[in-house]
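Asks: Mind looking at a prediction? Sequence and model below.
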Amino acid sequence: MAQKKSDKIERFKFGKINILLFIAAIVAIIVGFLIVNSTTTFGTILLVFGYAVLIPLSLLIRSNSDKPENM
């Protein structure tokens, strides 16, 4: 059976944890760019952590209340 259009929209709804992870990623990226010119590699580590870990997590994690009942 075909899914309703409203079901598809609900599937991509961001929850509270998604928004918090995305904000943490943005903060890590901004701080990483600000200190990337220093002699340490901490800025680079923050950039990789923000781009490669936090942003994908914020897009992939779904809370238990967001899961459909028939899965």
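Replies: That came through, no problem. All values reported here derive from a predicted model rather than from experimental measurement.
Asks: only C-alpha atoms for contact and neighbour calcs from this point on.
Replies: Fine.
Asks: which ones are touching residue 20?
Replies: With C-alpha atoms under 8 Å, 6 or more residues apart in numbering as the criterion, the residues that contact residue 20 are residue 58.
Asks: Recalculate using a threshold of 10 Å.
Replies: 26, 54, 58 (C-alpha atoms under 10 Å, 6 or more residues apart in numbering).
Asks: So which of those are in helices?
Replies: 26, 58 (DSSP state H).
Asks: ok, residue 33 touching residue 41?
Replies: No. The pair residue 33 / residue 41 is not scored as a contact, 11.4 Å apart, by C-alpha atoms under 10 Å.
Asks: Point out where this protein drops to low pLDDT.
Replies: Within the chain, the ranges that satisfy pLDDT under 70 run 1-12, 63-71.
Asks: Which residue ranges of it form helices?
Replies: Using DSSP H, helices in the chain cover 5-11, 16-35, 42-48, 55-60.
Asks: Apart from its chain neighbours, what residue comes closest to the residue positioned nearest the centre of the chain?
Replies: Nearest to the mean C-alpha position of the chain, by C-alpha atoms, centre = their mean, lies residue 58 at 1.9 Å. Excluding its sequence neighbours, the residue lying closest to residue 58 (C-alpha to C-alpha, 6 or more residues apart in numbering) is residue 18, at 4.5 Å.
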